[in-house]
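**Student:** Build me a model:
(chains A and B)
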Amino acid sequence: MGASTFVTRLSQTNDPMWQAEHMRAPYALREIEVTEPLVPIKLASDEGGAHVLLRYRGRPVGRLWLDHAEHGSEIGPETLARLVAQSAAATIAARAIEDDLLSDISTSSTTPKVCIAICTRNRAELLRRSLAALVAMRDGRADQEPIVEILVVDNAPTDDRTRRTAFEFDEVRYAVEPVPGLDLARNRALSETDAPWIAYVDDDAVVDRFWLSRLAEGIRTAPEAGAFTGPILPLELETEAQLRFERAGGFGKGFDWERYGPERWGDRFYPTSAGRFGTGACMVLSTKAVRALGGFDEALDTGPPLPGGGDVDMFYRVVRSGYPLIYLPGLLVHHQHRRDMRGLRRQYHSWGLSVLALCRKNSVFDPPMRGRHRWLMAWWLRDTSRRLARALLGRGPHPPQLVLSEILGGFQGYFGEYRRSEARIAARKREHGL
Amino acid sequence: MRPPAPWAILDVDLARPLEALRAPPEASGILVVFRFRGAVLGFGSLLPCELPLSTGELARFSARTVAPIAADWLRIGNGYDTPATGVRSQRTADVDPLLTGSVLGRLDRVFAERRTRPAHHTASIVICTRGRPDALESCLTSVAPEIARGREVLVVDNGPDPQTEAVVRRIEGARYIPEPRPGLSVARNTGIAAATGELVLFVDDDVRPEPGWADALVQAFDHEAVAVACGLVLPDALEEEAQIAFQYDLGFGGMGLVPLCFDWSFLQGWRRGVPVWEVGAGANMAVRRSTVLRLGGFDERIGPGAAGGCGDDSEFWHRALFNGATIHYEPLSIVRHQHRRQWDDLARQAYGYGFGHVVALFAQSARDGDPGDLARTFLTMPSWYAGRLRRAPRRWLLGEPDRLLWSEIRGYLSGVSRFRLFVDAFRRKR
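**Tutor:** Got it, this is the predicted structure:
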């Protein structure tokens, strides 16, 4: 898990929202369906504010941050209407026009099977919640939606809790990947299924209730795609760490449809800034494409000291090999962010690490892109040092420690972490007699 | 970071069933123009490797691209009002029009209603030309239907030659007016003097108007205060490097997609001159004849031909605004402009832009008394060029050199050398 959102984070400026009163957890999570009459949003006295997901006929179109300090404990319909119009009018129009245009187009009604894989390790409680949502979605599927196969991949388990949790549900398949490593587990899932599409959902993520129908629409209009990704929104905002993470951009990549090809107009870094493509917490891949690419890179996502990057690496390779990657705003999952600041620091460390480790890796394996990787590294250095300077001045979203751990991670990644990880994973496989 | 020439321009009409979008052969860049009921709702840029797009994917791409403009159109209201203060307008905070019924259906009604507004005024169409009989011929062919509808068409030949005359004589009902004194402003004034309509629609000889362009401009004069209306100018072709650079580096105006209203409030709050060039482009412009005559016509010291470059149109807009007139920008009036294909022509144009801009700033500053225009000449523009100079080596290393910079700076400097123009005008005014 864990991709980089450095592109979104760049856009943060000296917003007053980083001041302490806007960082008072917990935040309530609410939703507004904009086609229905607006009702006031009430905040309890201990809530620092509300994170409101805006939907248009069920499709996510935007979100609002409503601070207790700014809006008081009750936000009336007029204020809400104004905020909705400001932040989501164009996106609502986009969804409405999309509906108009797509309704005139006949697409094939056959929907191929989707295998939903959850790769997990010793987190039975989280897995149960995630599975419950998936099973409910599978059992409630409409006729034109894909047949769903749910697969739990247990990665190097130390006990049988994951196994027992998986069998609490009907028709959930279970597989074990004995060698520890997230991308080993992902490849195991790939070899366990014959479905043309495989969706990876993190065990700490819960799929949205419209996830499957949005995916079905996406596959129907773009059967040639190599990958689909979507937005990740918070499942809870109970702690300061979660709030800071989400306010700094989180995993969010907006609510606009995007289609990424092998090149992009006017983008000097493309496709090296692969963090923009999406996040491994929710990705749907064409099994044909992934198999043609040789599966996930098992030297990534090995847990510390190289705990991330497999998803971003896959997106990069999908796009480079000419398969379109499509960002579907409806492919929404709700993700439980790290609760404590230590976890958050590790997250940032792993981002820096995986960005630079991938840069080094792909400079070697993809020579035509070497120049662009160099550009990205130069940009990264400039961006992180600027953010560090701002953090030291007490501005910007992060305390200096977070930026510092990202920079340290970056240096570690630059100086050979990928090669070391390759050696480690080879040794790990030998241990397991592979 | 844009693809090299040639580019293809593809129109996608959202009112018709979509077809899969395929890359035209040999194009290294594709500019997609999204049209709906004649209006332009957005531009998309694609690389050939991103194509083909299936109909479904094209639908999603279209929806995302046109949504902001569609939302603006619907929130403007019933199609009669325009955002009040031009470029810095506040959007109305209402999302309701987007929520009921089909957005495209509502948009269709907005456009239909807008197009059935009354067009009381009589209008003359004036084409100023100089030594380009071929371009003029295709322009006249597109304008000819207006003759049948009772509008007079005058061609002012600003360098009279028999070939041009022959082209005009072939079109029945078009009048040929020779004007030997050089200068686009001179030609425009001659056209205005000879025209009989209440409004004068100016068309450059290198544009091709789309059907309905004239009515949309005439309808924009719905109020007595409206003195000028400008319309949308689309590139006709982007096949040469010079054409692409003209469109995107020289900042050719007139590409707005929602109606705008420029009035007294637009003049407020600028310290470095009012950015009148944001109003539109002189290649598609209509003026109220009585107002032009009252304000003394176009300034014959400025503009292509006489002084060189540009600025004849924007200087007049400036004068009109300072005299209390209103200018409308009307995106339903669309012409396609043929950009020059030769790099030399473009370099000359860049020189002229630098030059004409400064001369226009001098003239309007002396006449309308806005010191901001002088601040713009002597502070803003030098620092803008300095910034470009500073970035030039890096851009050169990146393989995207700023090739027009030198021409523009030369034009700027020779413009500054005409400072006498400001002094004389200022004295005369005192």
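**Student:** can I see the domain layout of chain B?
**Tutor:** Following automatic domain parsing, one finds the domains of chain B at B:7-115, B:123-345, B:347-429.
**Student:** of all the ones you listed, which lies closest to chain A?
**Tutor:** domain B:7-115 (2.8 Å; Cβ to the nearest Cβ). Any C-beta I mention is one placed from the backbone N, CA and C, and that applies to glycine too.
**Student:** and B:G372, what is it in contact with?
**Tutor:** By Cβ atoms under 8 Å, 6 or more residues apart in numbering or on different chains, the contact set of B:G372 is B:W270, B:R271, B:R272, B:G273, B:V274, B:S365.
**Student:** Kindly recompute the last result at 10 Å.
**Tutor:** Applying Cβ atoms under 10 Å, 6 or more residues apart in numbering or on different chains to B:G372 gives the contacts B:L267, B:W270, B:R271, B:R272, B:G273, B:V274, B:L361, B:S365, B:L379, B:T380.
**Student:** did I read that right, the fifth one in a strand?
**Tutor:** No. Assessed with DSSP: H, G, I helix; E, B strand; the rest coil, B:G273 is coil; it does not lie in a strand.
**Student:** Out of the contacts of B:G372, which end up buried?
**Tutor:** Taking 16 or more other Cβ atoms under 10 Å in any protein chain shown as the criterion, what is buried in these is B:L267, B:W270, B:R272, B:G273, B:V274, B:L361, B:S365.
**Student:** thought the first one was touching B:D368?
**Tutor:** Yes. Proximity of B:L267 to B:D368 meets the contact threshold set by Cβ atoms under 10 Å, at 9.3 Å.
**Student:** intersection of neighbour lists for these two?
**Tutor:** By Cβ under 10 Å, 6+ apart, B:L267 and B:D368 have these common neighbours: B:V274, B:H318, B:L321, B:F322.
**Student:** Just read off the phi/psi values of the closest residue to the last one other than its chain neighbours.
**Tutor:** Excluding its sequence neighbours, the residue lying closest to B:F322 (Cβ to Cβ, 6 or more residues apart in numbering or on different chains) is B:D368, at 4.1 Å. The phi and psi torsions at B:D368 (degrees, to the nearest 10) take the values phi -100, psi -10.
**Student:** I figured B:D368 hits B:E315, correct?
**Tutor:** Yes. Judged on Cβ under 10 Å, B:D368 makes contact with B:E315 at a distance of 9.4 Å.
**Student:** Could you count how many residues lie near residue 201?
**Tutor:** Unless you meant another one, I'm taking chain A. 25 (other Cβ atoms under 10 Å in any protein chain shown).
**Student:** hm, I was asking about chain B
**Tutor:** For B:L201, the tally of surrounding residues (other Cβ under 10 Å) stands at 27.
**Student:** In three-state terms, label B:L201 for me.
**Tutor:** When classified by three-state DSSP, B:L201 comes out as strand.
**Student:** Dig out what it forms beta bridges with.
**Tutor:** B:I125, B:A286 (DSSP bridges).
**Student:** Am I right that it is in contact with B:R188?
**Tutor:** No. With contact defined as Cβ under 10 Å, B:L201 does not reach B:R188; the gap is 11.6 Å.
**Student:** shared neighbours of these two, anything?
**Tutor:** Joint contacts of B:L201 and B:R188 (Cβ under 10 Å, 6+ apart) are B:V126, B:M285, B:V287.
**Student:** Return the residues in contact with the nearest residue to B:A216 once chain neighbours are set aside.
**Tutor:** Take B:A216 and drop its neighbours on the chain: the residue closest to it by Cβ to Cβ, 6+ apart is B:S333, 3.7 Å away. Taking Cβ under 10 Å, 6+ apart, we find B:S333 in contact with B:201, B:209-210, B:212-220, B:229-233, B:254, B:280, B:284-286.
**Student:** Look at the nearest residue to A:H432 once chain neighbours are set aside and say how many residues are nearby.
**Tutor:** In space, and not counting its chain neighbours, A:H432 is closest to A:V179: 5.0 Å by Cβ to Cβ, 6+ apart. Look at A:V179: counted by other Cβ under 10 Å, it has 19 neighbours.
**Student:** now swap in the one 5 residues further on and tell me
**Tutor:** Counted by other Cβ under 10 Å, the residues lying close to A:L184 total 28.
**Student:** contacting residues around it?
**Tutor:** Applying Cβ under 10 Å, 6+ apart, we find A:L184 in contact with A:119, A:153, A:155-156, A:177-178, A:295-296, A:298-299, A:301-302, A:310, A:425, A:428-429, A:432, A:434.
**Student:** does it belong to a helix or a strand, and which?
**Tutor:** Element membership of A:L184 [criterion: DSSP states H and E] is helix A:182-192.
**Student:** hang on, the earlier thing: quick one, grab the pLDDT at the residue nearest to B:A216.
**Tutor:** Turning to B:S333, the model gives it a pLDDT of 95.
**Student:** List the backbone torsions phi and psi for it.
**Tutor:** phi -90, psi 110.
**Student:** What separation do you get for B:Y353 and B:G303?
**Tutor:** To B:G303, B:Y353 is 12 Å away according to Cβ to Cβ, to the nearest Å.
**Student:** quick one: contacts for B:S142?
**Tutor:** By Cβ under 10 Å, 6+ apart, the residues touching B:S142 are B:V203, B:V207, B:R208, B:P209, B:E210, B:P211, B:W213, B:V335, B:R336.
**Student:** oh sorry, the question was meant for A:S321
**Tutor:** Contacts for A:S321 were tallied using Cβ under 10 Å, 6+ apart; they are A:G226, A:P262, A:A289, A:A292, A:L293.
**Student:** do B:M255 as well
**Tutor:** Per Cβ under 10 Å, 6+ apart, neighbours of B:M255: B:V40, B:F43, B:L232, B:V233, B:L234, B:P235, B:Q247, B:G280, B:A281, B:P331.
**Student:** what helix or strand does B:A350 sit in?
**Tutor:** Using DSSP H and E, B:A350 sits in helix B:343-368.
**Student:** list the helices and strands that helix packs on?
**Tutor:** The contact analysis (3 or more Cβ pairs under 10 Å, 6 or more residues apart in numbering or on different chains; DSSP states H and E) places helix B:343-368 against helix B:241-248, helix B:312-322, helix B:371-375, helix B:381-397, helix B:405-416, helix B:419-429.
**Student:** Let me have these in CSV, extended by distance to A:V84.
**Tutor:** CSV is the format used below for these (distance: least, Cβ to Cβ, whole Å):
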stretch, distance to A:V84
helix B:241-248, 35
helix B:312-322, 36
helix B:371-375, 38
helix B:381-397, 39
helix B:405-416, 44
helix B:419-429, 51
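**Student:** Out of these, indicate the one that is most buried.
**Tutor:** Of those, the one with the most neighbours on average (mean count of other Cβ atoms under 10 Å in any protein chain shown) is helix B:312-322, at a mean of 25.
**Student:** mind listing the strands for chain B?
**Tutor:** B:7-13, B:29-36, B:39-46, B:123-129, B:152-157, B:174-178, B:199-204, B:207-209, B:226-235, B:260-262, B:284-288, B:326-337 (DSSP state E).
**Student:** can you put those in JSON lines and add distance to A:F245?
**Tutor:** Formatted as JSON lines, the strands of chain B follow (distance: least, Cβ to Cβ, whole Å):
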{"stretch": "strand B:7-13", "distance to A:F245": "40"}
{"stretch": "strand B:29-36", "distance to A:F245": "37"}
{"stretch": "strand B:39-46", "distance to A:F245": "33"}
{"stretch": "strand B:123-129", "distance to A:F245": "61"}
{"stretch": "strand B:152-157", "distance to A:F245": "66"}
{"stretch": "strand B:174-178", "distance to A:F245": "69"}
{"stretch": "strand B:199-204", "distance to A:F245": "55"}
{"stretch": "strand B:207-209", "distance to A:F245": "53"}
{"stretch": "strand B:226-235", "distance to A:F245": "45"}
{"stretch": "strand B:260-262", "distance to A:F245": "41"}
{"stretch": "strand B:284-288", "distance to A:F245": "51"}
{"stretch": "strand B:326-337", "distance to A:F245": "43"}
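**Student:** Select, out of the ones you listed, the one closest to A:V52.
**Tutor:** Smallest distance to A:V52 across the strands of chain B (Cβ to Cβ): 28.4 Å, for strand B:39-46.
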